[in-house]
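Engineer: build the 3D model from these lines:
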Amino acid sequence: MANNPNWKEAYHRASVATTIVKGLESDISFETGTIEAVIASLESERVTRPPKSEVDLMEVWQEHLAGKRPEIERKHLRGMFWLPEISLTKPFQNYIANSKIPLRRSAIKGFVGCVLLKWNRIPKQDLQALEKLIINQSNTGYIEKVKPHLFHPEAIDRTSRVFIENRCTSGKLIEEIFGIPASGTEYSETVIERAGLTDYRAILSADRTYRNWFYEHVLRQSEKKTLVKILGLVFKELGDDVPEHVKDELKDFIILHPSLGDPRLPAKEPNWLGAEEVMLRVLEWLSEGDINVFFNLFVSDKTDSQGRKAFWLRYAHRVRRTRVIVAPNDETKRQSLKNKDSQLFGKFRYSETTAFVLDFGSVKVVEFGAAGHACYIYESKSGWKLNDSKEFWKTCFTEKELKDRDSASQRLTHFTSGRRRRWEQEFEQKLALYGVRPKSASHGYY
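Structural biologist: Presented below is the predicted three-dimensional model:
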């Protein structure tokens with residue numbers, strides 16, 4: 001390092017260096033002085049030069065690695081702290097930690113200088129190494145007090161930028177730079193969080209490889225609270241104009257994510273506590289998909305001449321869960337779906353038409369695929385059998401259960417003739433009685 005013309009420049013960036021060691025208690029002593037004295041000297045403009053050595057320190061270090069020199073003299077160690085080729089390597093850090101050698105102020109300054117130079121050469125940082133060196137000097141475990149200062153925003157920003165620019169795998173950057181486990185560390189999670197919050201627009205990229213990298217190595221590796229925060233930013237950025245491929249990719253990702261999962265399923269509901277705003281947007285997208293599946297697959301264009309699909313899509317934002325109850329003669333259609341085994345599908349024992357149940361919370365609505373069937377509306381506080389969660393999620397149904405006139409609060413037809421109002425107006429009016437209103441044309445609600 002003494003031969004590197006940039007080594008003085010490192011100390012003019014002392015504001016970064018001091019954040020590495022601030023927060024340590026002043027009673028952590030070195031051979032001379034305290035941490036406070038080291039910080040003070042780092043903040044001064046006076047440059048401390050590396051100690052002179054009459055031997056080739058790299059050669060001494062290589063002899064140690066080869067087993068020819070088990071113990072390294074203190075005078076040589078002091079110089080090695082100033083050589084990034086040695087001091088930033090894991091074997092050297094382990095040697096210092098295991099030997100319990102107290103660090104002089106000069107050694108700390110040399111090591112900090114090496115870290116700063118490493119940032120300058122390849123904009124990455126090595127805070128974990130310094131953490132190990134300093135913490136190993138104390139038996140009282142200051143790790144929790146040190147962490148906030150080791151995770152300096154400038155250091156995190158530098159590393160996350162490199163992470164994004166090089167599209168690193170989740171652990172590769174951390175493991176190669178720090179020589180520590182690739183995942184499950186607080187530092188790697190912090191870097192990934194910053195990358196996600198900085199680069200969340202990646203999901204809009206036309207480059208599918210880029211999008212896949214972001215899903216796999218940022219979103220999937222993020223902690224739940226970070227993932228929810230990133231998804232919130234994504235939804236806010238996109239508004240209502242969301243490309244279909246983005247919807248599909250995000251839905252698939254969220255449903256398969258172990259910390260979130262499908263919010264429509266009872267077993268996954270607890271995962272969404274504290275993330276209700278994001279959950280509602282996810283439910284809207286999932287409900288749009290459910291409505292499209294039912295009307296595109298189980299209802300022919302001729303049968304839906306009334307425009308029922310377009311009508312219910314305006315209510316997708318209010319749907320909390322759905323079920324498609326498949327008729328025996330429609331089973332081959334269900335088998336064509338990639339999620340054919342989903343709990344969202346039930347079966348009719350005997351029926352010639354597939355049914356669709358939409359749960360709005362305050363009411364549940366039952367539509368049928370074939371023409372000639374009325375639409376049934378059941379209040380959630382009524383005695384309708386499917387208001388019980390176990391009954392709602394069971395596998396097999398009868399058509400009579402879904403056409404329970406005694407429990408239904410409304411039985412509506414999709415019939416329009418003469419001067420009668422269009423059926424949509426009547427449906428809107430009835431649903432509004434239960435607080436269920438459609439999305440307006442201007443993307444608002446009324």
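
Engineer: and residue 347, helix, strand or coil?
Structural biologist: Recorded secondary structure, residue 347: strand (DSSP: H, G, I helix; E, B strand; the rest coil).

Engineer: ok, it - contacts?
Structural biologist: Shown in contact with residue 347 (C-beta atoms under 8 Å, 6 or more residues apart in numbering): 325-326, 328, 331, 395-397. Glycine gets a C-beta too; all of them are placed from N, C-alpha and C.

Engineer: and it, how far is that from residue 326?
Structural biologist: Remark: distance between residue 347 and residue 326 (C-beta to C-beta, to the nearest Å) = 6 Å.

Engineer: just residue 58 next, same as before
Structural biologist: 73 Å.

Engineer: one more: residue 391?
Structural biologist: For residue 391, the distance to residue 326 - C-beta to C-beta - is 17 Å.

Engineer: please apply the same query to residue 197.
Structural biologist: 42 Å.

Engineer: those two - which one has more neighbours?
Structural biologist: Comparing residue 197 with residue 326 by other C-beta atoms under 10 Å, the one with more neighbours is residue 326, at 25 against 15.

Engineer: can you pull the contacts of that one?
Structural biologist: Listed by C-beta under 8 Å, 6+ apart, the contact set of residue 326 reads 298, 333-334, 345-348, 354.

Engineer: ramachandran angles for it?
Structural biologist: With angles defined as degrees, to the nearest 10, residue 326 sits at phi -90, psi 130.

Engineer: where is the longest helix in this structure?
Structural biologist: Scanning the chain for the longest helix, with DSSP state H as the assignment, gives helix 276-297.

Engineer: now it: buried residues?
Structural biologist: By neighbour count on 16 or more other C-beta atoms under 10 Å, the buried set for helix 276-297 is 278-279, 281-291, 293-295, 297.

Engineer: please name every helix or strand in contact with it.
Structural biologist: helix 224-238, helix 244-256, helix 308-313, strand 321-326, strand 355-359 (3 or more C-beta pairs under 8 Å, 6 or more residues apart in numbering; DSSP states H and E).

Engineer: for stretch 203-212, how far is the first residue from the last?
Structural biologist: Start-to-end span of stretch 203-212 (C-alpha to C-alpha, to the nearest Å) is 8 Å.

Engineer: may I see the buried residues of that stretch?
Structural biologist: Within stretch 203-212, the residues scored as buried using 16+ other C-beta under 10 Å are 203, 211.

Engineer: residues making contact with it?
Structural biologist: When contacts are defined by C-beta under 8 Å, 6+ apart, stretch 203-212 is touched by residues 167, 202, 214-215, 234, 238, 243, 246, 249-250.

Engineer: for ChimeraX, what selects the buried ones among the residues you listed?
Structural biologist: Buried residues among the contacts of stretch 203-212 (16+ other C-beta under 10 Å), as a ChimeraX selection:
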select :202,214,215,234,238,246,249,250
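
Engineer: can the contacts of stretch 203-212 go into TSV with extra columns for distance to residue 439 and pLDDT?
Structural biologist: Formatted as TSV, the contacts of stretch 203-212 follow (distance: C-beta to C-beta, whole Å; pLDDT from 0 to 100):
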residue	distance to residue 439	pLDDT
167	37	77
202	28	83
214	29	88
215	28	89
234	20	84
238	16	79
243	19	82
246	19	84
249	23	90
250	20	90
